[in-house]
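Engineer: build me a model from this:
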Amino acid sequence: MNIDPTSYLRLKQVMSDKEFRVVFIVMDDKTESLYTLKNIRMIDSKILVVFVNNGEEEILLEDENVTILDTNEIVAGNLYEKLPNVPLIAKNIGLGRGEIMEVLVPVGSSFAFRHVGAISHRKWRVVAIYRNEKQILPNPATMILPNDRLIVMGNPIVLEGVYKKINERQGVFPEPFGRNIYLILDSEAKKEDILLQVNEAVFLSNQLSKTKLYIRLICINNFELIQELRIFENEHVSLLLSYNDEKILQDIDYDISQLDIGLFLLNNRLFFKKNYKEYLYDLTRPIYLFGEKSLYNIKEAVILMGDEGEMESLSSSVFDFSENLGLSLSLCDYNPEGDFEDNRNIIEHYESLSRLYNFRITIEQKRVNPIRELLKHENILHIAPFSKNIRDTSFISYLSTEMSHYFLSIKKHPQLLIPVDN
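Structural biologist: Numbering: from 1, shown residues only. Now for the predicted structure:
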């Protein structure tokens, strides 16, 4: 415009000659820009105005028909998007507040080789997948692959968490839950059992690289036991004592905040004692429950077929743990009715990870009662999802139809409970 927009008469003449739908105010001088806006509003109080702010000071206008563009924010936003590991956000679609995002799935992501329908979607959705320059509109059976670009939509705050989770690499178990092992010992247990558990914990710590073992002794009533446990202490093993029974959970909370705990070890009896199970569930850490068979003698890890979302959520940890301990891995679909068709996606997922990790897995399908068949096994580690069903299980839950209410009562095999998305 070759006129002075701060002149009301000249501006009115131009706006009278033609009908304008939008007015853009792009001027270097802030005072002149505001004066121009004032003139426009005197001429037309409803016309849409895009006001470009080139200054350092923020401009606030109580006008619902004015959109303010801050050049500093635009430049900063464009520079930010050029940084690595930053999600792309749709700015000119919807609200433009980050509710539409594009995320690259890296190799090793916890989302890789998972089915869309098996991922927990709370206040967000995967609306499209771009793979090999092609667009895929996903359905629940669509598998996400490494290097896929996901278009996700939902609550901006939730999407920030989704982005972090997609880019979270699994690492060596017990990561990503934490790095170190935490053994909770009840001094009221038999001394023989306590020493067996300590030796088993030391063995496990040695098998999992770069981990430290912290032993928390509770309900202390035997000071000779403390001296025997001191023998195990070294640069990789530490003994922690709780003399006040009422502050045991506070001690554990403190340890978690300071020691990067990724795996808890305890016996089955303590797991059901004084709401420990509910407390441990809320910590979202894997739990190893000792069995009558020691870990030294275990040759095989077994996971029973279950909910698709839970099975895919814990799969990377299952492969990693089995490989580190040199265990063979079996995915067992035990169904009394012989209905195996519904579990095709789970088998596809585990076979994909088997090829990725170059780690053989045995798929076993039998028309049998799963609990009875599990009891027949010898020298196995039973791996299961640490789900809400397990949290709500008690020793008097045998009337339930949930399988998880039964297998916790099996003390024969050690069990590894891994947190899942609920």
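Engineer: my guess is F290 meets I194, correct?
Structural biologist: No: with contact defined as CB atoms under 8 Å, F290 does not reach I194; the gap is 10.6 Å. Quick note: C-beta positions are derived from backbone N, CA and C, even for glycine.
Engineer: quick check, L183 in a strand?
Structural biologist: Yes: judged by DSSP: H, G, I helix; E, B strand; the rest coil, L183 forms part of a strand.
Engineer: against V49, how distant is it?
Structural biologist: 67 Å (CB to CB, to the nearest Å).
Engineer: which one of those two is surrounded by more residues?
Structural biologist: Between L183 and V49, counted using other CB atoms under 10 Å, the more crowded position is L183 (26 against 19).
Engineer: can I assume S16 sits in a strand?
Structural biologist: No: assignment of S16 by three-state DSSP gives helix, placing it outside any strand.
Engineer: and it, how many neighbours?
Structural biologist: Around S16 there are 9 other residues, counting by other CB under 10 Å.
Engineer: give me the pLDDT value at the residue nearest to the spatial centre of the chain.
Structural biologist: Against the mean C-alpha coordinate of the chain, by CA atoms, centre = their mean, the closest residue is K165 at 5.4 Å. Looking at K165, its pLDDT reads 85.
Engineer: cool, the one 10 residues further on as well?
Structural biologist: pLDDT, the model's per-residue confidence, is 85 for E175.
Engineer: where do the helices sit along this protein?
Structural biologist: 8-17, 30-43, 71-81, 156-166, 191-207, 223-230, 248-259, 268-271, 276-283, 308-324, 344-357, 370-376, 388-391, 404-407 (DSSP state H).
Engineer: which one of those helices has the most crowded surroundings?
Structural biologist: Counting by mean count of other CB atoms under 10 Å, helix 308-324 has the highest mean neighbour count of these, with a mean of 22.
Engineer: average model confidence for it?
Structural biologist: 91.
Engineer: domain map for this protein?
Structural biologist: Domain segmentation of the chain under automatic domain parsing yields 8-74, 84-166, 180-289, 295-419.
Engineer: redo those domains as a markdown table? Include distance to V172.
Structural biologist: Below are these laid out as a markdown table (distance: least, CB to CB, whole Å):
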| stretch | distance to V172 |
| --- | --- |
| domain 8-74 | 41 |
| domain 84-166 | 12 |
| domain 180-289 | 6 |
| domain 295-419 | 6 |
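Engineer: relative to F173, which of these is closest?
Structural biologist: Of all the domains of the chain, domain 295-419 sits nearest to F173, with 4.3 Å by CB to CB.
Engineer: what's the nearest residue to F232 if we skip its chain neighbours?
Structural biologist: V198 (5.9 Å; CB to CB, 6 or more residues apart in numbering).
Engineer: give the contact list for the one you found.
Structural biologist: Neighbouring residues of V198 by CB atoms under 8 Å, 6 or more residues apart in numbering: L183, L185, I215, L229, F232.
Engineer: what bridges to the first one?
Structural biologist: By that I understand L183. I215, L265 (DSSP bridges).
Engineer: wait, it sits on R216?
Structural biologist: Yes: with contact defined as CB under 8 Å, L183 counts as touching R216 (6.9 Å).
Engineer: got a pLDDT number for Y357?
Structural biologist: Y357 is assigned a pLDDT of 81 by the prediction.
Engineer: what distance do you get for the closest residue to it other than its chain neighbours to S328?
Structural biologist: Closest residue to Y357 apart from its sequence neighbours, by CB to CB, 6+ apart: F319 at 5.1 Å. As for F319, its distance to S328 is 12 Å (criterion: CB to CB).
Engineer: hang on, isn't V116 packed against L145?
Structural biologist: No: between V116 and L145 there is no contact under CB under 8 Å: 11.6 Å.
Engineer: more crowded one of the two?
Structural biologist: A side-by-side neighbour count of V116 and L145, using other CB under 10 Å, places V116 first with 19 against 16.
Engineer: now do the contacts for the more buried one.
Structural biologist: Neighbours of V116 in contact, by CB under 8 Å, 6+ apart: V126, P138, N139, P140, A141, T142, M143, I144.
Engineer: mind redoing it with 6 Å?
Structural biologist: Applying CB atoms under 6 Å, 6 or more residues apart in numbering, we find V116 in contact with V126, P138, P140, T142.
Engineer: lowest-confidence entry in those?
Structural biologist: P140 (91).
Engineer: and it, how many neighbours?
Structural biologist: By the criterion of other CB under 10 Å, P140 has 11 neighbours.
Engineer: that one against G117, yeah?
Structural biologist: Yes: at 2.6 Å, P140 counts as touching G117 under the criterion of CB atoms under 6 Å.
Engineer: quick one: common contacting residues for the two?
Structural biologist: Joint contacts of P140 and G117 (CB under 6 Å, 6+ apart) do not exist.
Engineer: on that earlier part again, and of the contacts of V116, the nearest to I346?
Structural biologist: The closest of the contacts of V116, once distances to I346 are taken by CB to CB, is P140, at 12.7 Å.
Engineer: of the contacts of V116, which is the most crowded?
Structural biologist: Highest count within those by other CB under 10 Å belongs to V126, 23 neighbours.
Engineer: give me every residue that touches it.
Structural biologist: V126 makes contacts with V116, P138, L150, V152, as judged by CB under 6 Å, 6+ apart.
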